[in-house]
Every structure is written in structure tokens, then in C-alpha cells.
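S.K.: Dropping a prediction and its sequence here:
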Amino acid sequence: MIKNLLFDLGGVLLNLDQNKTLHAFDQLGLNPNQLSRHIGLLNDFETGKCSVNFFTKSLQNSLPSGTTEAQIIDAWNAMLLDFPVFRIEILKVLKKTYHLYLFSNTNTIHITEVLQYTDGLFGKNKFESLFDGVYYSHVIGMRKPEIKAYEHVLNLANINGHETLFIDDNESNILGAQKAGLHTMLAKHPIEPNFVNVLTQMLIDV
């Protein structure tokens, strides 16, 4: 029996468009191929191994002289879109039946922007308060799809994988969760208004 729902954030609850960030950096003078060479830096940033200042300064070194930290942060946040109110209402409905948890590969810049946005939209701390536990990669020091990351989250939440459904839009993350013993649901697009019915139908077979 599924007792817990473990949600990804971007691409499931929050609308994203990563191409907007690629375009924004391209406009600043760092094309997608050049940006991809910083994958180690991006991974370190998402696991809390480097600060915002180190992250932005490192990118500045690959950008034209005069590019500001604010421009880099704006470009990095360009992928973050909207959070439809109906998704909050869906979470409230689900909370009556399940324990809700959040596990996101993210970083200080993105989550600061997201929480400022959700505080303004729903009220201060109202978004995170919907969850029994919130786990961000840059805080716990591990990222999906590492098996140990899921195991760590399960331990922190004190829940069992076989009683937990993990919902994510990334196939690699889904595979990692399956290896860690969780049930999974691949979100091919962000949650739509009929999600509760889709979920209920799916769980009949679990």
C-alpha cells in the first residue's frame, strides 16, 4: 500500500524551460557547448560543494569582461517559470490521504527564487508546509539519480521505499529510484488538473 508521495519540484510542480537559461547565457556570450564544459561546477553547486559567489565567479571567468553577477543569476533563473495555483490545491487534496515529501536537485540560487515566488503567491512558508519533509540536493549533499541519495531521503523521512511513490519527470531519476526500492511514476509533463484521478487509477495496480 502506498502511504507516501515523494515529488520532484521542477518539471512536475513548477513549470520549467531549461532552454531559456541556455538562450540567456548564449546572449551573454557563453553558448550551450561552452556552458556544458562547466558540468562539474554545476554538479558541485547542486550538492552544496561551492558557494553562490564561487559559482558566479567561475562562470564570469568564461564570460565577456563586464558581465555582472546579477546578469549571471538572472540567466541562471531564466528557466524558472510559473507555479499554477491548481497544483497547490491538488497537494492539499492529496495531503488528506498521503504523507507528502519533496526531493529536488536544486541549488541556492534557484530555491531562493522559487521560495520567494511561492511565498508571494501562496503566503510565507505555505508551500513547504504542505510537505512532511523537504529535501534539496544542495542541502543534503547528494543528487538524484544516485541510489544513496534516495536511501538518505528515506532515512531522513523515516519512511519505507515499498510504501512510497516517487514522481519525477526525468527517466534517469526514475531508474535510480527504482533501484533504491521505490515505486515510481514518470511525469511526462507537469501535473495537470486531473492528476488525482490519474494517480488513483495508477495506484489500483500497485
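M.R.: Thanks, I have it.

S.K.: Can you show me the strands along the protein?
M.R.: Under the criterion DSSP state E, strands of the chain are mapped to 4-7, 99-104, 133-136, 164-168, 183-186.

S.K.: how about those strands in CSV, adding distance to residue 61 and mean neighbour count?
M.R.: Every C-beta, even on glycine, is put in place using the N, C-alpha and C of the backbone. Below are the strands of the chain laid out as CSV (distance: least, Cβ to Cβ, whole Å; neighbours: other Cβ atoms under 10 Å):
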stretch, distance to residue 61, mean neighbour count
strand 4-7, 36, 24
strand 99-104, 28, 22
strand 133-136, 27, 19
strand 164-168, 33, 24
strand 183-186, 38, 18
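
S.K.: looking at these, which is closest to residue 47?
M.R.: With Cβ to Cβ as the criterion, residue 47 lies closest to strand 133-136 of those, at 10.2 Å.

S.K.: between the lengthiest helix in the chain and strand 99-104, how many degrees?
M.R.: Taking DSSP state H as the criterion, the chain has its longest helix at helix 108-122. Our comparison of helix 108-122 with strand 99-104, counting by axes from the mean of the first three to the mean of the last three Cα atoms, to 10 degrees, yields an angle of 140 degrees.

S.K.: hang on, the earlier thing: make JSON lines out of the strands of the chain and add mean pLDDT and distance to residue 58.
M.R.: Below are the strands of the chain laid out as JSON lines (pLDDT from 0 to 100; distance: least, Cβ to Cβ, whole Å):
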{"stretch": "strand 4-7", "mean pLDDT": "98", "distance to residue 58": "31"}
{"stretch": "strand 99-104", "mean pLDDT": "98", "distance to residue 58": "22"}
{"stretch": "strand 133-136", "mean pLDDT": "98", "distance to residue 58": "21"}
{"stretch": "strand 164-168", "mean pLDDT": "98", "distance to residue 58": "28"}
{"stretch": "strand 183-186", "mean pLDDT": "97", "distance to residue 58": "33"}
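
S.K.: for the longest helix of the chain, packing partners?
M.R.: In terms of contacts (3 or more Cβ pairs under 8 Å, 6 or more residues apart in numbering; DSSP states H and E), helix 108-122 is packed against helix 52-60, helix 69-77, helix 85-95.

S.K.: Only alpha carbons, please: show the second one as PDB.
M.R.: Think helix 69-77. What follows is helix 69-77, C-alpha atoms only, in PDB (Å, rounded to 0.1, in the frame of the first residue of the first chain):
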ATOM      1  CA  GLU A  69      26.900  38.600 -11.000                       C
ATOM      2  CA  ALA A  70      23.300  39.900 -11.300                       C
ATOM      3  CA  GLN A  71      23.300  39.100 -15.000                       C
ATOM      4  CA  ILE A  72      24.500  35.600 -14.300                       C
ATOM      5  CA  ILE A  73      21.900  35.000 -11.700                       C
ATOM      6  CA  ASP A  74      19.200  36.300 -14.000                       C
ATOM      7  CA  ALA A  75      20.300  34.000 -16.700                       C
ATOM      8  CA  TRP A  76      20.500  31.000 -14.300                       C
ATOM      9  CA  ASN A  77      17.000  31.700 -13.100                       C
END
